[in-house]
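Trainee: can you look at this prediction? I've put the sequence above it.
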Amino acid sequence: MGPAIAGAGATSLLDVTVAGARQGDLANAALASSTRFIELDATAWSNNTVRVMARNISPATFDLGSATLAVQVTKHR
């Protein structure tokens, strides 16, 4: 997914290409590996792009370089 996230409050941003995504659509993101220490926020950022912010909520460092990220977009009606 991205680089390591050190300590509590650290964040990492990643732009993911999702065909057909538009601003105003609902976006969700999840890590394939379960961890309760990383919060994810996903936003349909621009045409075909979802921006995902990962936030570390623990004092430990997490390496997200090998993490698998799933992103879903629901069209706004």
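Mentor: Arrived safely, thanks for sending. Numbering: from 1, shown residues only.
Trainee: tell me which residues are up against stretch 58-72.
Mentor: If you take C-beta atoms under 8 Å, 6 or more residues apart in numbering as the criterion, stretch 58-72 is touched by 1-8, 12, 14, 16, 18, 27-33, 35, 37-38, 42, 50, 52, 54, 56. (C-beta placed from N, C-alpha, C; glycine too.)
Trainee: how about 10 Å then?
Mentor: Stretch 58-72 is contacted from outside by 1-10, 12, 14, 16-18, 21, 26-33, 35-38, 40, 42, 44, 50, 52, 54, 56, using C-beta atoms under 10 Å, 6 or more residues apart in numbering.
Trainee: now do the buried residues in that stretch.
Mentor: Buried positions in stretch 58-72, judged by neighbour count with 16 or more other C-beta atoms under 10 Å: 62, 64, 69, 71.
Trainee: contact partners for the residue nearest the centre of the chain?
Mentor: Residue closest to the mean C-alpha point of the chain, counted by C-alpha atoms, centre = their mean, is Val52 at 3.1 Å. Shown in contact with Val52 (C-beta under 10 Å, 6+ apart): 1-2, 12-16, 27-31, 40-43, 45, 69, 71.
Trainee: let me know the pLDDT of it.
Mentor: As predicted, Val52 sits at a pLDDT of 95.
Trainee: which of the contacts of stretch 58-72 are buried, as a ChimeraX select command?
Mentor: Here is the ChimeraX command that selects only those of the contacts of stretch 58-72 that count as buried (16+ other C-beta under 10 Å):
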select :1,5,12,14,16,18,21,27,29,31,38,40,42,44,50,52,54,56
